[in-house]
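Novice: okay, predicted coordinates and the sequence, questions at the end:
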Protein chains: 2
Amino acid sequence: MARIVLKFGGTSVADMGRIERAAGKIAREVALGHEVAVVVSAMSGVTNQLADHCNAITPIYDAREYDTVVSSGEQVTAGLMAIAIQKLGIEARSWLGWQVPILCSEVHGKARIEDIDSSKMLRHLGRDQVAVLAGFQGITERNRIATLGRGGSDTTAVALAAALEADRCDIYTDVDGVYTTDPRIVKRAKKIKKISYEEMLELASLGAKVLQTRSVEMAYKRDVPIQVLSSFDDAIGSDLVGTLVTREEDIMEKQVVNGVAYDKNEAKITLINVPDIPGVAAEVFGPLTDCDINVDMIVQNVSSDGKVTNITFTVPKEDLDRATECIKNIDKLKGADVRSDKDIVKISVVGIGMISHAGVAKVMFQTLADKGINIQVIATSEIKISVIIDKEYLELAVRALHTAYGLDAESAA
Amino acid sequence: MARIVLKFGGTSVADMGRIERAAGKIAREVALGHEVAVVVSAMSGVTNQLADHCNAITPIYDAREYDTVVSSGEQVTAGLMAIAIQKLGIEARSWLGWQVPILCSEVHGKARIEDIDSSKMLRHLGRDQVAVLAGFQGITERNRIATLGRGGSDTTAVALAAALEADRCDIYTDVDGVYTTDPRIVKRAKKIKKISYEEMLELASLGAKVLQTRSVEMAYKRDVPIQVLSSFDDAIGSDLVGTLVTREEDIMEKQVVNGVAYDKNEAKITLINVPDIPGVAAEVFGPLTDCDINVDMIVQNVSSDGKVTNITFTVPKEDLDRATECIKNIDKLKGADVRSDKDIVKISVVGIGMISHAGVAKVMFQTLADKGINIQVIATSEIKISVIIDKEYLELAVRALHTAYGLDAESAA
C-alpha cells in the first residue's frame, strides 16, 4: 500500500467523458489499496476563456481579481471529479486552495506555494476518502485567492505530494512519457524510463513542455518521484509504464546523453565593438534584468586587441524588441553595433553521465560539422551542451545528434 | 449620503458589455457620495451549464460538490465586476461567501443564510472601496461552500443590506419595476411606485417572478427597503424610478387592490365522497407533506348529509401525478373518487387596503360573473382573494379585474 498523488491536466479533464475516464483510473488505484489524492487542472480552454473575459474589460486588470476569476476553472473540475469518483462507489470530496489551506505568496498571477497544512486532508485520506484538490491556486495571508501561473497545477501536485509525504506523484497528460527527443522530428525517439531531476530540469527549461519547470525544481528539492504518463492509455500509474523522474542515485544505468532538446523561442543579440573594460557586462545585463528580460546564453570572447570585444546572448523572441530598445539607451554602449537575429534555434544534449565522460562535446561538434551546420554560439553546463544554429537546420541537427549519441530506438515509435 | 446595496441579476451581467454598463451605474452612485456594496449573479446561462455538467455525470450527485461547482459562476462575475469598476477609477474588490464570511445552514443546494459577519467588509466600505459580493453562496460550519437555491442572489442582497444596515437595496433586473398585472396581457398595466412587503410577498408567490419570495420575506423581517428597477434604462437607483417595496406605514396612499396576479402552474385535485369524520383532512394532507408536495389552496365544504364531503386543493402541476398516486394509497380514502384537472388557472387580487374595505370580494365575483366565468374554488387571506377558473378565461378575467379595480393606466404602457 502506498500513498500517491495523481494529477490530471486540462486535456485529461476536457469533458465529462474524460473526467469519468480519469475517475476510473483513480478507482483502480484505490482498489489496489492505495491512499489517493488527486490534483486537477481546469477543463482545457476554460482558463483561456476566463482570461479573455478579464482582458476584454481591460488589459491592465487587478491581478487579485484575475486570480479570483481564473481560479474558478479548477474549482469546477474538482467538484465534477469528486462527483465522478463517488459515482463509482468510492468516497471522495473536493478541496479548494483556501480549504486545505495552501498558503501562497502575494505575487498574484504567479504566486509561490509557501506552505501546505495537510493535517485536515490527511484525516480524510485516513478514512479512505479520495481528496480532489483544485490545482493552480492557493490563498494569501490576506485571505485572497492567488494562482501559480500557467502549468501551476503540476507544482500544486508536487507540493501536495511533498506535504503528504506521498510515495509518488503521477502526472497524467496527453503524452505517455518523456522522450529522448521530439517524436514529431525523430520517428525513432525512445520513451525514457527513468530520468534524473537535474536532466528533467534541463529538458523542461529547454522546451520539452511536459512538466512545468518549477514543479521539477520542487520535486528535486523535496525528493518527490514524479511519473509522467498518458491519461489516454489503459494503464495506470501503478503499472509504472511512464517516465519516472527521480534521484540520480536511483537510476542504475546512467546514459551519457539522455535527450536532445530544442528551443525555437529564442532570439540572438550580438553587441559588436563593446569597450573591453571591467564592468561592461554588468552595464549590459543590469538594465536587461531591470526590464524583466530573461537572458539565457551569454558568450563573451577575449578581445584580440584588448580594447573592444563582442558579446552575444539570447533572449525570448517576444522580448527581442524591448531588449534592443533597452540596450540602445545604455550610455557606455553608444559606440557598439547591435545586431539581432530571430532565425536561430537552440539545440541541447542533456545527460547526467556527461559529468564523468569526456568527448561528449566533441561528438556534438563533429556531428554538426559533418552535416555542414555552422555553430554560432556554444554554452555548456555540467550536464548539458547547448549550441545556437541557423533555424533551417533544426530537424537535420536533432536527427543527426539523436543517432550519434545512440538514442535511436530499434524500430520507429 | 447613504449606504446602498445594488444587486445585478444574470441578464444584467450576461456579457462584458453589460458588466461594464452595470459598473457605470455603480460609478454614478459612488459619485453621489454613497457607500456602495454590490451583489452579482452568475452570467445568464452559466449556472444552467454547470448544473448540466453535474447531471451529465450522474443525476444523483453529492449536493456539496454541486455547490462547489455552481457557485463558481458568481465568483467569476464578482471578479469581472470588480475589474470593470476599477477601470472607471473607483476602488473595488470582490468578496466570496467564505471571505466575508456568510454563514449558511448545511442544506446544500437550498441553504439559508444564518449570519453575515459584516465587520471586515465595513472596514473596506469605510475606505471608499466598493464591495462586490458573489451572490447565491455562503459557507457552512464545516467550511464547505453552500448555495441558496435558484434566485438566491436576491436573498444575498437583502441579507447583506440588513447586515450592513443599508438604507436601500436596489435590485437591477430585466424589467423596470413591479406592475399592477402582467403587461403582456393588459396593455394598460401600470408600474407600481410603492408596494408593501406583505403585498409583494403575495405577488411574488403568486407568479409575479420579479423577486425571489424568500428575499421579500427577509426584507420584511429585517425592514430593508427594496427597489426593483431595470438595468437597461439609463436611470440609477437614486433616481427612485423603480418600484419601492417597503413598510405599509411608509405608503401614504393605500390602494384597495394593488395588483392582479395569475398562476398557470397549478393543478386542481378534488376528492369526492370523503368520509366526513374528524381527522380526515390530516389523513389527506399528512402523506402529501411527507411526499414533499406543496399544497396551496384547500377548500372543504360542510357536507349536506353529515356523512361524506368533498375536498378540493391545488398542487404544482409537476407534482400532480405524484400527488394522485400518494392519495390512492391512503386507506381511509379508498371509497373516494379522485378527480384532477390541469386546465385551470389561479387569479388573485392583492391589496393592503382590502383589510379596511368591504366589498372587494363582491366586485371580483360580480366582474367574473358578468363575463360568464365560473368560479371553481375561492380562497381568501387578509390582503388577497384568489379564485380558480378555467384556464381559457385567463386573459379575459385578468383584463376585466384590472379595469374593475380601477388599475388601468390612462394610456397604454
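Specialist: Yes, it's here. Computed from a predicted structure; not experimentally measured. Numbers count the residues shown, from 1 in each chain, chains lettered A, B, ... in the order given.
Novice: so which bits of chain A are right by chain B?
Specialist: By CB under 8 Å from any CB of the partner chain, the residues of chain A that approach chain B are A:16, A:19-20, A:50, A:53-54, A:56-58, A:61-62, A:64-69, A:71-73, A:75-76, A:78-80, A:82-84, A:86-87, A:93-94, A:96, A:98-99, A:143-145. The way it works is simple: take the backbone N, C-alpha and C, and place the C-beta from them, glycine included.
Novice: of those, select the buried ones using a PyMOL command.
Specialist: Applied in PyMOL, the following selects the buried portion of these according to 16 or more other CB atoms under 10 Å in any protein chain shown:
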select buried, chain A and resi 16+19+20+50+53+54+56+57+61+62+64+65+66+67+68+69+71+72+73+75+76+78+79+80+82+83+84+86+87+93+94+96+98+99+144+145
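Novice: sitting in helices, which of the residues of chain A next to chain B do you find?
Specialist: A:16, A:19-20, A:50, A:53-54, A:56-57, A:64-69, A:72-73, A:75-76, A:78-80, A:82-84, A:86-87 (DSSP state H).
Novice: neighbours of the residue lying closest to residue A:212 once chain neighbours are set aside, how many?
Specialist: Leaving aside its sequence neighbours, residue A:212 sits nearest to residue A:151 (CB to CB, 6 or more residues apart in numbering or on different chains; 3.4 Å). Residue A:151 has 19 neighbours, counted by other CB atoms under 10 Å in any protein chain shown.
Novice: and the residue lying farthest from the centre of chain A, how far from chain B?
Specialist: The outermost residue of chain A, judged against the average C-alpha position, is residue A:305 (42.5 Å), by CA atoms, centre = their mean. Separation of residue A:305 from chain B (CB to the nearest CB, to the nearest Å): 57 Å.
Novice: before we move on, what SS does that residue have?
Specialist: Secondary structure, DSSP: H, G, I helix; E, B strand; the rest coil: residue A:305 is coil.
Novice: quick one: pLDDT of it?
Specialist: pLDDT, residue A:305: 77.
Novice: list the contacts of it.
Specialist: Listed by CB atoms under 8 Å, 6 or more residues apart in numbering or on different chains, residue A:305 has no contact partners.
Novice: shaky segments in the stretch 101-250 of chain A?
Specialist: A:205-208 (pLDDT under 70).
Novice: list the contacts of the closest residue to chain B within it.
Specialist: Distances between the stretch 101-250 of chain A and chain B by CB to the nearest CB are smallest at residue A:143, namely 5.8 Å. Shown in contact with residue A:143 (CB under 8 Å, 6+ apart): A:98, B:99.
Novice: how is chain A carved up into domains?
Specialist: A:3-175+A:210-248, A:254-413 (automatic domain parsing).
Novice: among those domains, which is the most enclosed?
Specialist: domain A:3-175+A:210-248 (a mean of 21; mean count of other CB atoms under 10 Å in any protein chain shown).
Novice: so how far is that one from its chain's centroid?
Specialist: Relative to its chain's centre, domain A:3-175+A:210-248 lies at 15 Å (CA atoms, centre = their mean, to the nearest Å).
Novice: residue A:168 bridge partners, please.
Specialist: residue A:4 (DSSP bridges).
Novice: surely it touches residue A:5?
Specialist: Yes. At 7.5 Å, residue A:168 and residue A:5 qualify as touching, with contact defined as CB atoms under 8 Å.
Novice: shared neighbours of the two, anything?
Specialist: With CB under 8 Å, 6+ apart, residue A:168 and residue A:5 have common neighbours residue A:161.
Novice: in the stretch 151-300 of chain A, which spans are helices?
Specialist: A:152-163, A:197-205, A:213-222, A:280-290 (DSSP state H, counting those that start in this stretch).
Novice: so which of those helices comes closest to residue A:132?
Specialist: helix A:152-163 (11.1 Å; CB to CB).
Novice: what's in contact with the closest one?
Specialist: Taking CB under 8 Å, 6+ apart as the rule, helix A:152-163 contacts A:4-7, A:9, A:37, A:39-41, A:74, A:102, A:113, A:116, A:118, A:133, A:135-138, A:148, A:166, A:168-169, A:171, A:211-212, A:214-216, A:218-219, A:222-224, A:226.
Novice: circling back: go ahead and confirm the residue nearest to residue A:212 touches residue A:215.
Specialist: Yes. Contact criterion CB under 8 Å: residue A:151 and residue A:215 qualify, at 7.5 Å.
Novice: common neighbours of the two, please.
Specialist: In contact with both residue A:151 and residue A:215: no residue, using CB under 8 Å, 6+ apart.
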